[in-house]
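*Asks:* Have a look; sequence and predicted model below, questions after that.
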Amino acid sequence: MAYTVQDIATALDAECYGNTGLAIAKVAEPASAGPDDLALLTNPKFVDGLARGAARVALLWPGADWQALGLEAAIVASRGRFALAGLTAMMDPGQHFPRGIHETALIDPSADLAENIRVAPYAVIGPRARIGANSTIGPFCHIGADSVLGEGAFLRDHVSIGARVKIGAGFRAQPGARIGADGMSFVTPEVSGVERARGSLGDQGDVKAQKWARIHSLGAVSIGDDVEIGANTCVDYGTIRDTSIGNGTKIDNLVHVAHNVTVGTDCLFAAGVGIAGSTRIGNNVVLGGHVGVTDNTVIGDNVIAGGGTKVLSKVPGGQVILGYPAVKMDTHLEMYKALRRLPRLFKQVAALQKSVSKNGSND
């Protein structure tokens with residue numbers, strides 16, 4: 001669908017200039033933009049790319065001279081990257097799932113589906129499941145018994161929602177997301193080597209063969225409103241109480257949220273994050289790629305953990321951390337600089353030792 005420059009500017013609450021009646025078919029980077037595209041040029045350091053493309057209109061940074069750039073029209077937003085959120089929502093072509101309920105979908109007669117729901121081919125909806133209005137259930141999805149999805153849910157293909165899971169409005173899940181897997185809870189008849197090693201910080205005592213007994217997951221998963229879950233991410237059931245994720249939290253691909261974890265509101269987890277069982281994470285916490293968090297610990301509000309950080313103990317609110325083990329980011333950077341200097345330091349110490357030894361022999 002095409003929009004005029006004026007349509008886009010109005011939707012983004014932005015200013016527009018020039019020929020505002022130009023129709024825009026899609027969005028493109030400046031160097032590859034065609035005459036019917038909107039070039040994204042919100043940072044002046046990429047301005048050289050505009051000359052390599054054929055764009056007539058661009059989304060520009062405040063104060064840009066659009067006429068000097070050879071454009072016929074321009075849209076100017078006070079914060080270009082934020083404007084990109086609304087712009088991409090307008091221009092998203094979608095997944096083209098069919099309207100209505102496909103004839104191959106298997107829906108239990110006791111399930112409760114509200115109005116205006118799309119159910120794509122081969123989806124399965126279990127007993128007593130409830131799905132809110134204006135939701136989309138993609139191909140090969142599974143919605144378990146007694147589960148609840150709020151209004152406006154959008155599930156891509158192959159998403160699994162386990163029994164008893166409760167999810168709020170505006171939920172979005174990418175392909176292969178698994179909500180409601182059993183937690184990894186196993187126990188041995190006697191105290192295990194793992195328990196001994198943890199208590200002693202290394203010594204597991206006499207090593208004996210161990211057989212593991214399953215602790216079943218009686219809890220479920222509770223997810224708030226406006227939450228997004230990435231592709232192939234897993235959120236486990238709680239053991240007794242629910243694993244929970246607060247409103248507005250966004251989780252990337254290949255993330256694992258283990259049993260009994262509590263995640264606050266408006267958190268952001270990048271790809272590869274692993275959060276071990278019974279950990280509590282506050283509000284507005286950002287975890288970079290491949291951050292690992294140990295079990296039974298606490299991360300306070302507004303913590304930011306850089307990529308690859310390993311959190312082994314409690315983190316107070318507001319800290320910016322990095323490293324393995326996690327320390328304040330500025331401390332880690334100083335430690336890293338010192339580590340890089342070690343080879344030179346060893347050479348200097350060796351030279352000093354040689355000099356002292358030589359001088360001593362002369363005496």
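*Replies:* Ah, there it is.
*Asks:* Could you use CA atoms for every contact and neighbour count after this?
*Replies:* Fine.
*Asks:* What separation do you get for Leu71 and His142?
*Replies:* As judged by CA to CA, to the nearest Å, Leu71 and His142 stand 49 Å apart.
*Asks:* The two - which one has more neighbours?
*Replies:* A count of neighbours by other CA atoms under 10 Å puts His142 above the other of Leu71 and His142, at 23 against 18.
*Asks:* Met1 touches Ala23, doesn't it?
*Replies:* No: with contact defined as CA atoms under 8 Å, Met1 and Ala23 do not form a contacting pair (9.8 Å).
*Asks:* list the contacts for the closest residue in space to Val5 that isn't next to it in sequence?
*Replies:* The shortest distance from Val5 to any non-neighbouring residue, by CA to CA, 6 or more residues apart in numbering, is to Thr20 (4.8 Å). When contacts are counted by CA atoms under 8 Å, 6 or more residues apart in numbering, Thr20 touches Thr4, Val5, Gln6, Ala73, Ala74.
*Asks:* at 7 Å instead, please
*Replies:* Listed by CA atoms under 7 Å, 6 or more residues apart in numbering, the contact partners of Thr20 are Thr4, Val5, Gln6, Ala73.
*Asks:* re the thing from before, between Met1 and Ala23, which has more neighbouring residues?
*Replies:* Ala23 (20 against 10).
*Asks:* Look up the residues forming beta bridges with the more buried one.
*Replies:* Beta-bridge pairing of Ala23 under DSSP bridges involves Thr4.
*Asks:* Cross-check the contact I'm expecting between it and Gln6.
*Replies:* No: counting by CA atoms under 7 Å, Ala23 does not reach Gln6; the two are 9.2 Å apart.
*Asks:* biggest helix in the protein by residues?
*Replies:* helix 329-362 (DSSP state H).
*Asks:* list the buried ones in it?
*Replies:* By neighbour count on 16 or more other CA atoms under 10 Å, the buried set for helix 329-362 is Met329, His332.
*Asks:* what separates that helix from the chain centre, distance-wise?
*Replies:* 43 Å (CA atoms, centre = their mean, to the nearest Å).
*Asks:* Over to stretch 299-308?
*Replies:* Per CA atoms, centre = their mean, the displacement of stretch 299-308 from the mean C-alpha position of its chain is 13 Å.
*Asks:* quick one: contacts of that stretch?
*Replies:* So stretch 299-308 is contacted by 280-291, 314-323 (CA under 7 Å, 6+ apart).
*Asks:* Helices of the stretch 151-300 of the chain, start to end?
*Replies:* Remark: helices assigned in the stretch 151-300 of the chain by DSSP state H, counting those that start in this stretch are 193-200.
*Asks:* Could you tell me the end-to-end distance of stretch 14-28?
*Replies:* 19 Å.
*Asks:* Could I get the average pLDDT for that stretch?
*Replies:* Stretch 14-28 shows a mean pLDDT of 95 in the predicted model.
*Asks:* just stretch 50-70 next, same as before
*Replies:* In the prediction, stretch 50-70 has an average pLDDT of 94.
*Asks:* Give me the buried positions along that stretch.
*Replies:* For stretch 50-70, burial by neighbour count (16+ other CA under 10 Å) applies to Leu50, Gly53, Ala54, Ala55, Arg56, Val57, Ala58, Leu59, Leu60, Trp61, Ala64, Trp66.
*Asks:* Filter the residues you listed down to the ones in strands?
*Replies:* Members of these lying in strands (criterion: DSSP state E): Val57, Ala58, Leu59, Leu60.
*Asks:* Now do the third one against Pro93, distance only.
*Replies:* To Pro93, Leu59 is 20 Å away according to CA to CA.
*Asks:* The last one now?
*Replies:* Relative to Pro93, Leu60 is positioned 23 Å away (criterion: CA to CA).
*Asks:* shouldn't Lys26 be in contact with Pro35?
*Replies:* No: look at Lys26 against Pro35 with CA under 7 Å: they stay out of range, at 10.2 Å.
*Asks:* who has more neighbours, those two?
*Replies:* Between Lys26 and Pro35, counting by other CA under 10 Å, Lys26 is the more crowded of the two (20 against 15).
*Asks:* which one is the more buried one nearest to, not counting chain neighbours?
*Replies:* Nearest non-adjacent residue to Lys26, counting by CA to CA, 6+ apart: Asp37, 5.1 Å away.
*Asks:* What about the one you found, how many residues nearby?
*Replies:* When neighbours are counted by other CA under 10 Å, Asp37 comes out with 23.
*Asks:* and it, what does it touch?
*Replies:* Taking CA under 7 Å, 6+ apart as the test, what Asp37 contacts is Ile24, Ala25, Lys26, Val27, Ala28, Ala55.
*Asks:* Could you tell me which residues make contact with the last one?
*Replies:* Contact criterion CA under 7 Å, 6+ apart gives Ala33, Gly34, Pro35, Asp36, Asp37, Leu38, Ala39 as the residues in contact with Ala55.
*Asks:* Over to the first one?
*Replies:* Ile24 is in contact with Ala2, Tyr3, Thr4, Val5, Asp36, Asp37, Leu38, counting by CA under 7 Å, 6+ apart.
*Asks:* hang on, the last one is in a strand, isn't it?
*Replies:* Yes: per DSSP: H, G, I helix; E, B strand; the rest coil, Leu38 lies within a strand segment.
*Asks:* which residues of the stretch 101-250 of the chain score low on pLDDT?
*Replies:* Filtered on pLDDT under 70, the stretch 101-250 of the chain yields no residues whatsoever.
*Asks:* And this structure, split by domain according to the record?
*Replies:* 3-91, 328-362 (automatic domain parsing).
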